[in-house]
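Visitor: Sharing a model that was predicted from the sequence below.
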Amino acid sequence: MKRAVVLGGSFAGLLAARVLSDFADEVVVVEPDALDEDGDASGPGAPHRRQLHALLAMGHTQIERFFPGITREMVDEGARLGRGDEVRFYVDGALKAPVADVSMLGASRPFIEAHVRRRVMALDNVRPERATGKGLLLEGGRAVGARLASAGTTETEGIEYDVRADLVVDAMGRSSRLGTWLAAEGWGQAPVDRMRVDLGYATARFTRASELPDTVIAHSTPGPASDYQPALCEPGALAAAEDGTWSVVLAGYAGHRPGRDRREFLARMRRCVAPLREVAERCEMIGEVEPFHFRESRRRRFTDLTDFPGGLVVLGDAMATVNPVYGQGLTLATLQASSLHVHLRNGASPHDPAWGYFRRAGVVVDAAWQLSTTADLAQPHVTGPYPRGYRFLRWAGDRITTASVRDSQVNQTYLDVVHMREHPKALTGPRVLARTARVLWKS
């Protein structure tokens, strides 16, 4: 490739740029917000950036693979890397069985994104373009570039121009206009799966001193609900972050969504597990509570299409976005980037339709979708669509969750799936189900 253009300079777009830097002479990252190193979220892009984000174990593995030594850099600048007992998960207030092989990075998304951006923009063949994507350039059945509108300066604001490329990446997030652009040129649109979850969540920062010295991540969630007594789902999580702070997120569905009220936020923390209660009692809130409303999970099935332009791939939330309460978003983007790297490394031409990439990325998207939507369907206000075998998946999932509180082996497999190191089907394998039965029988 002579040139690749990435539309979107947030986390997914930066990862795409890093991948393409191995294959293209020049990579142009198109982003209307300033692409400075401090990760400032003052622009309109990625409005949820200030919410607590989790970089799951597989996501941590992938960014270390693409940016060797970046974990040490982040820890040296204030992030916390937790392992073993420093990472705690609770179900219905009970601490889950300990596992040895678990680690998580405690840092805010702007902090992580700033370090990724610094590494990407230091690459000799990557450059930022302060602009907005306005459309595709299509010739001979493939994308040959993008139409852009300049941004950032009053003198040139809105002036449109074309940038030609061998490959265009849509990393424009949930608001991607790619489907509209393709439809205007006579191309079909990828079928979209939707599940309305009506989730609200809110994040607040607190001072961090000597309280909970060994805890980097603590996450609590209600346990399995029955068909007759659905649980009031008010999950919460806290993470040690940079600058000596705690980042706390609380979530709720439908009429139980948290708002901006500081006193109500603290009251909800006091209804949660011990680590969150302790922070509410002993630590000072910094700034305001920042809420966000996530209406629906969404997945675009590009592999269902029979025709698609060459020279074009989709990555990040533009392909799929799932309930953020499970913390899969950043890690899913790293695995899609890895799928793109494998696709190109195997010798695929950037000018051909990227079916190999879409198949690989679809595997990880489908795994994340299965995990999140199966759990979401336990909420009384979520009405489907129900996947094939849902009753068995929920029955097994509820019992595995209960067993994971009591048994380290079951919990290890459970966390491997949650952290996207294993496919969800690992939870319904005969060995896990047999051990689950033994654990529950003994109790």
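Guide: Now that the structure is in, tell me what you want to look at.

Visitor: what about the helices in the stretch 101-250 of the chain?
Guide: Along the stretch 101-250 of the chain, counting by DSSP state H, counting those that start in this stretch, helices occupy 109-121, 178-184.

Visitor: of those helices, which approaches residue 431 most closely?
Guide: helix 109-121 (35.0 Å; C-beta to C-beta). Quick note: C-beta positions are derived from backbone N, CA and C, even for glycine.

Visitor: average pLDDT across the closest one?
Guide: Average pLDDT, helix 109-121: 94.

Visitor: helices and strands around it, which ones?
Guide: Of the remaining helices and strands, those touching helix 109-121 by 3 or more C-beta pairs under 8 Å, 6 or more residues apart in numbering; DSSP states H and E are helix 11-20, helix 70-76.

Visitor: repeat that with 10 Å
Guide: Contact partners of helix 109-121 among helices and strands, from 3 or more C-beta pairs under 10 Å, 6 or more residues apart in numbering; DSSP states H and E: helix 11-20, strand 26-30, helix 57-66, helix 70-76, strand 126-129, strand 236-241, helix 329-345.

Visitor: check contacts around the residue lying closest to residue 338 once chain neighbours are set aside.
Guide: Leaving aside its sequence neighbours, residue 338 sits nearest to residue 62 (C-beta to C-beta, 6 or more residues apart in numbering; 5.7 Å). Going by C-beta atoms under 10 Å, 6 or more residues apart in numbering, residue 62 touches 15, 55-56, 330-331, 333-338, 341, 420.

Visitor: gap between residue 62 and residue 68?
Guide: Using C-beta to C-beta, to the nearest Å, we find residue 62 at a distance of 12 Å from residue 68.

Visitor: Make a markdown table from the helices of the stretch 101-250 of the chain and add mean neighbour count and distance to residue 373 to it.
Guide: A markdown table is the format used below for those (neighbours: other C-beta atoms under 10 Å; distance: least, C-beta to C-beta, whole Å):
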| stretch | mean neighbour count | distance to residue 373 |
| --- | --- | --- |
| helix 109-121 | 21 | 23 |
| helix 178-184 | 16 | 21 |
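
Visitor: Between the ones you listed, which one is closest to residue 197.
Guide: So among those, helix 109-121 is nearest, using C-beta to C-beta, at 20.6 Å.

Visitor: can you give me the angle the closest one makes with strand 236-241?
Guide: 50 degrees (axes from the mean of the first three to the mean of the last three C-alpha atoms, to 10 degrees).

Visitor: for the stretch 1-150 of the chain, which spans come out with low pLDDT?
Guide: Low-confidence segments of the stretch 1-150 of the chain (pLDDT under 70): 35-51.

Visitor: What mean pLDDT does stretch 392-408 get?
Guide: Here the average pLDDT along stretch 392-408 is 91.

Visitor: repeat for stretch 200-219
Guide: Rounded mean pLDDT across stretch 200-219 is 87.

Visitor: Can you list the buried residues in it?
Guide: The neighbour-count check on stretch 200-219 (16 or more other C-beta atoms under 10 Å) flags 200-206, 208, 212, 215-219 as buried.

Visitor: Next secondary structure after the strand or helix carrying residue 369?
Guide: Residue 369 is part of helix 355-376 when elements are defined by DSSP states H and E. Going down the chain from helix 355-376, the next helix or strand is helix 390-406, by DSSP H and E.

Visitor: helices and strands around that next one, which ones?
Guide: Helix 390-406 sits against strand 87-91, strand 94-95, helix 355-376, helix 408-418, helix 430-442, with contacts defined as 3+ C-beta pairs under 10 Å, 6+ apart.

Visitor: From the chain's centroid, how far away is the shortest one?
Guide: Offset of strand 94-95 from its chain centre (C-alpha atoms, centre = their mean, to the nearest Å): 25 Å.

Visitor: and for that strand, what are the contacting residues?
Guide: 85, 88-89, 218, 220, 223, 273-275, 402, 405-406.

Visitor: could these go into CSV alongside distance to residue 31?
Guide: Shown next, in CSV, are the contacts of strand 94-95 (distance: C-beta to C-beta, whole Å):
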residue, distance to residue 31
85, 40
88, 36
89, 35
218, 34
220, 36
223, 42
273, 39
274, 42
275, 37
402, 45
405, 44
406, 48
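
Visitor: which among those end up buried?
Guide: 88-89, 218, 220, 273, 275, 402, 405-406.

Visitor: could you measure residue 13 against residue 166, distance?
Guide: 17 Å.

Visitor: which of those two has more neighbours?
Guide: residue 13 (29 against 23; other C-beta atoms under 10 Å).

Visitor: OK, contacts around that one?
Guide: 6-7, 29-31, 35, 45, 117, 120, 169-173, 315-316, 318, 333, 337.

Visitor: Can you report how many residues lie near the nearest residue to residue 422 once chain neighbours are set aside?
Guide: Distance criterion C-beta to C-beta, 6+ apart; nearest residue to residue 422, sequence neighbours excluded, is residue 416 at 4.2 Å. Neighbours of residue 416 under the rule other C-beta under 10 Å: 19.

Visitor: OK, contacts around residue 416?
Guide: 57-58, 99, 101-102, 422-423, 426-427.

Visitor: Could you report the neighbour count for residue 197?
Guide: 23.

Visitor: Revised request: answer the last question for residue 73.
Guide: 13.

Visitor: again with residue 388
Guide: Residue 388: 6 neighbours (other C-beta under 10 Å).

Visitor: all strands for the stretch 201-350 of the chain, in order.
Guide: Ranges of strands in the stretch 201-350 of the chain, per DSSP state E, counting those that start in this stretch, are 217-221, 236-241, 245-253, 285-300, 312-314, 320-321.

Visitor: The last one pairs with which strands, parallel or anti?
Guide: Spelled out, it's strand 320-321. Here strand 320-321 is paired, per DSSP bridges, with strand 285-300 (antiparallel).

Visitor: Distance from the chain centre to the partner strand, please.
Guide: 13 Å.

Visitor: what's the burial count for residue 306?
Guide: Going by other C-beta under 10 Å, the residues that sit close to residue 306 add up to 5.

Visitor: What of residue 346?
Guide: Using other C-beta under 10 Å: residue 346 sits among 10 other residues.

Visitor: can you list the weak-confidence ranges in the stretch 151-300 of the chain?
Guide: Using pLDDT under 70, the flagged stretches of the stretch 151-300 of the chain are 154, 223-233.

Visitor: The nearest residue to residue 296 once chain neighbours are set aside: neighbour count?
Guide: Residue nearest to residue 296 in three dimensions, not counting chain neighbours: residue 196, with 4.5 Å by C-beta to C-beta, 6+ apart. By other C-beta under 10 Å, 14 other residues sit near residue 196.

Visitor: for residue 196, what are its contacts?
Guide: 295-298, 376, 381-384.
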